[in-house]
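Visitor: Got a predicted structure here, sequence first:
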Amino acid sequence: MANGIKDKVAILGMGCSRFGERWDASPEDLMLEAYSEAMQDAGITPDQLGAAWFSTHMDDVGTGRGGTPMSIALRLPNIGVTRVENFCAGGSEAIRAAVYAVAAGACDIALAVGVEKLKDTGYGGLPVATVGTYIPQWYPNAVAPANFAQVAAAYRYKHRVDPKTLKRAIAHVSVKSHENGAKNPKAHLQKTITEEQCLRAPTIAAPLGLFDCCGVSDGAAAVIVTTPDIARGMGKRNLVTFKALQIACSNGWELQGNGWDGSYFHTTRIAAKRAYAEAGIDRPREQISMTEVHDCFSITELVTMEDLFLSDEGNAVRDVLEGEFDASGRVPCQIDGGLKCFGHPVGASGIRMLYEIYLQLNGRAGARQLGDPSLGLIHNLGGQPSQNVCSVSIIGREGV
Amino acid sequence: MIGITAFGGYIPRLRLSREAVAQANAWYAPQFASQKGERAFANWDEDSVTMAVAAARDCMGPSEDRSHVRCLLLATNTPPFAERLNSAIVAGALTLDDTVEAADLGGTQRVALAAVTQAIARSNTYRGDVLVLAADRRRTRAASTQELEYGDGAAALLIGRNNVLAELIGSATLSVDFVDHFRATGSEIDYQWEERWVRDEGISKLVPRVVAGALKEAGVTADKVDHFIFPTSFSRMDAQVAKACGVRGDAIAPSMMERIGDCGAAHGLLMLAHVLERAQPGQIIVLAQFGSGAQAVVLRATPLITGFKPARGVSSWLSRGKEDRNYTRFLSFGGQLQLERGMRGEQDRKTALSTAWRNRTALLGLVAGKCRVTGSVHYPPSRLSYDPGAPLQDTQEPYKLADRPASILSWSAEYLSYHPSPPHHYGQIDFEGGGRILMDFTDLDVGEVDSGTAMEMVFRIKDVDTLRGYTRYFWKATPARDASGAIYNIG
């Protein structure tokens, strides 16, 4: 019987490019930026890599398909490079593959890199993706802001939240992330904003305004994993190990059935429960030191606090407004600025979230360093509220 | 007895203010300054096919079994497709039986009457009913007379032997090449000859002949006509024709031109459907139309006439209109004004025709799959059910959603994507009795809907593939409105 991933794999090194409108950089440049930092952090040479996974979502404007774009960009020593794609959760998918490969003993050291080059489309926002031949014939020509705005409508209806109160709460989410992002030199958006600015911003998809939407960024992130024994053998101390890696994927129930009320993320609740069980966590609000969640839109972050069981159902509005998830709050969320400000290069985001918690656990987060975190949770969502892929991962100090 | 067994109509919600058009064009065409009233115009996602579907649904109501319809005749001079049977699209949307004989008719303003008389003839050979639909969405040039006079709309009649509401007792036709206007194949805009000649040499001479012929066949004298229907946008032309025919002035049916414009091939049947709403048993109705000749039919209402009500009826469609003073919207929807679409408007809308065929009942008919074991409803239908825990295989049976009450679970209105009528509204629609679809909304204004709003299904244009000239259709949700246009049931 499976007994989970807890403490079987450690992080050997990590890297992350500067995120943003990287007019100066190709996807290959971005990958190299993240990979070089990770290799230096790990203190290894390319010939020590056993296998690699490569996450990128938009092959049409990014790197192209397959594993070769990464293998060529990084001049890898002809190891296996497998491209994974799982919407915005692809980065976590690449991590999971590398971690499982090491845990299985298939290789000693594995690499996962995520990259996205979004700013070569000629317009703002995410590029339009192809979705097969059937869906376009019935499904709306949906865009991410309006997909996620659906949650705001349903949440407000279910919990009878006053529209202005909800708008203020999601504004608080963004104000908080901007405050955090302002302390992050790699972040795409490094300026603070006010609640007033949020409330007055132009509407993108009702009720979401411009500041309720995350940045659309170029960037790359990389992680190198190995077993704790190998890491120690290489002289590494204060290891950060994986406690849980869970992914839950919608099967159509939310989209087609009538049981889901649209106000929450069904898959997040499933993945969170599984992750807590895998990590041996029974009191998440006390045990989790910090979270990096998939705040593609402010409403997503707010609802996710409930879906991760960090707020009671229907209470996230109050908890957010009371600052429970601010840098000084009970469980700080997006201490690096999150997708909102660090940015959202789709295929890299899951690895970027891991990067921040890894830095925090190592006490290397600079101006935004939290007190003494021991366990961090990563929530990485791909797709849209009614059909998605949700990854919940937990990492922490070895032995915690 | 053969005759009309059901009737209905459809008029788009948008009504362009003629005054607003005249004001916008005053610098160029000051002769229109005194224009009053409104003209109906199709939303960007409506055409002759979608309006015909709407009229047919108004006529037939939310019937589960439509296998009694054995033939469908679609009369239109603005078919979206020159090849691809437009009436077959309509038949699919109405979930008519595959064995229905569907045909497109066109070529003259009186084509709907030709369809009626053909339907009568076919009723002699068919066991079932013939559905006659007429629809037009005509293009006009900016600052033209036609821009102000034309309207968009559709009408429907069911012709058969059972429960006849109005019996056909006489008809007459003249087919001659009197060219009052024409439009060459491939052209979009009609070319018109002088109105005075059309009035004096055309209408005044041809129409009384067919009216007289039809009345003679019916064995009815002109003074006994209770409702005289002659659609024309020419001022007082209907009264002149009635007088020439010997028909009483008080029998002249209201043309609705002032409120909706001249809906082309549909207008005669639209007026008839309007008249039938208030016709009394025994009354004589004459419908005459002009175009490459003339045609007339004589009908006598039966005692059943007072017992039938269309789903909404022309009166209700008339009163549900919403005045629009936005001339550029009208121009844009009619393809007369090219608005900047932005890069997001460049997306290829190619339709995989093989996929469309494989899923035709789901796409055209909005037919879901209902699990016969659990009762759960699946859209789109699938071989495996979504039922949590233990998906069941091959248990779904066809289940129509188009006429079921529905409401909004969640929604948004976005300004990001290219949309011909922003903001683009869409959301999760839940159907009473099961079923859920994330779908586009249409015919609504910002701030009109919320979670809980009651919605109805309408068959509309989903996307237009401008690269290849293909239009694909699907269903959209629209707020359920009363006859005044007000939305009800906000929960």
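Guide: Nice, thanks for sending it over.

Visitor: Any chance of the backbone angles for A:R232?
Guide: Main-chain torsions, A:R232, degrees, to the nearest 10: phi -60, psi -40.

Visitor: Show the contacting residues for the nearest residue to it once chain neighbours are set aside.
Guide: Leaving aside its sequence neighbours, A:R232 sits nearest to A:L239 (C-beta to C-beta, 6 or more residues apart in numbering or on different chains; 7.2 Å). Any C-beta I mention is one placed from the backbone N, CA and C, and that applies to glycine too. A:L239 sits next to A:10-11, A:228, A:231-232, A:397-398 when contact means C-beta atoms under 8 Å, 6 or more residues apart in numbering or on different chains.

Visitor: Nearest residue to A:W260 in space, please, no chain neighbours.
Guide: In space, A:W260 comes closest to A:E254 once its chain neighbours are excluded; the distance is 4.1 Å by C-beta to C-beta, 6+ apart.

Visitor: I figured that neighbour hits A:Q387, correct?
Guide: Yes. Using C-beta atoms under 8 Å, A:E254 is in contact with A:Q387, at 6.5 Å.

Visitor: So between those two, which is more surrounded?
Guide: Taking neighbours as other C-beta atoms under 10 Å in any protein chain shown, A:E254 and A:Q387 compare with A:E254 leading, 24 against 20.

Visitor: List of residues touching the helix or strand harbouring the more buried one?
Guide: Element membership for A:E254 (DSSP states H and E) is helix A:253-256. When contacts are defined by C-beta under 8 Å, 6+ apart, helix A:253-256 is touched by residues A:259-260, A:262, A:266, A:385-387, B:377-379, B:386, B:388, B:436, B:438.

Visitor: from these, which ones fall inside helices?
Guide: If you go by DSSP state H, the contacts of helix A:253-256 have A:H266 in helices.

Visitor: I would like a PyMOL command selecting only the buried ones among the contacts of helix A:253-256, please.
Guide: Buried subset of those, written as a PyMOL selection, criterion 16 or more other C-beta atoms under 10 Å in any protein chain shown:
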select buried, (chain A and resi 260+262+266+385+386+387) or (chain B and resi 377+378+379+386+436+438)
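
Visitor: pLDDT score assigned to the residue nearest to A:R232?
Guide: Listed pLDDT for A:L239 reads 97.

Visitor: Please report how far it lies from B:P391.
Guide: A:L239 sits 42 Å away from B:P391, going by C-beta to C-beta, to the nearest Å.

Visitor: With B:R383 instead?
Guide: Distance, B:R383 to B:P391, using C-beta to C-beta: 9 Å.

Visitor: What about B:I487, how many residues nearby?
Guide: Based on other C-beta under 10 Å, the number of other residues close to B:I487 is 18.

Visitor: Can you pull the residues of the stretch 1-150 of chain A lying near chain B?
Guide: A:121-123, A:125, A:128, A:133-134, A:136-143, A:145-147, A:149-150 (C-beta under 8 Å from any C-beta of the partner chain).

Visitor: Enumerate every residue touching the residue nearest to A:T268 when sequence neighbours are not counted.
Guide: Distances taken as C-beta to C-beta, 6+ apart place A:D307 nearest to A:T268, at 3.8 Å, with adjacent residues excluded. When contacts are counted by C-beta under 8 Å, 6+ apart, A:D307 is found next to A:264-265, A:268-269, A:272.

Visitor: if you set the cut-off to 10 Å instead, what comes out?
Guide: A:264-272, A:293, A:300, A:313, A:316, A:379, A:381, A:390, A:392 (C-beta atoms under 10 Å, 6 or more residues apart in numbering or on different chains).
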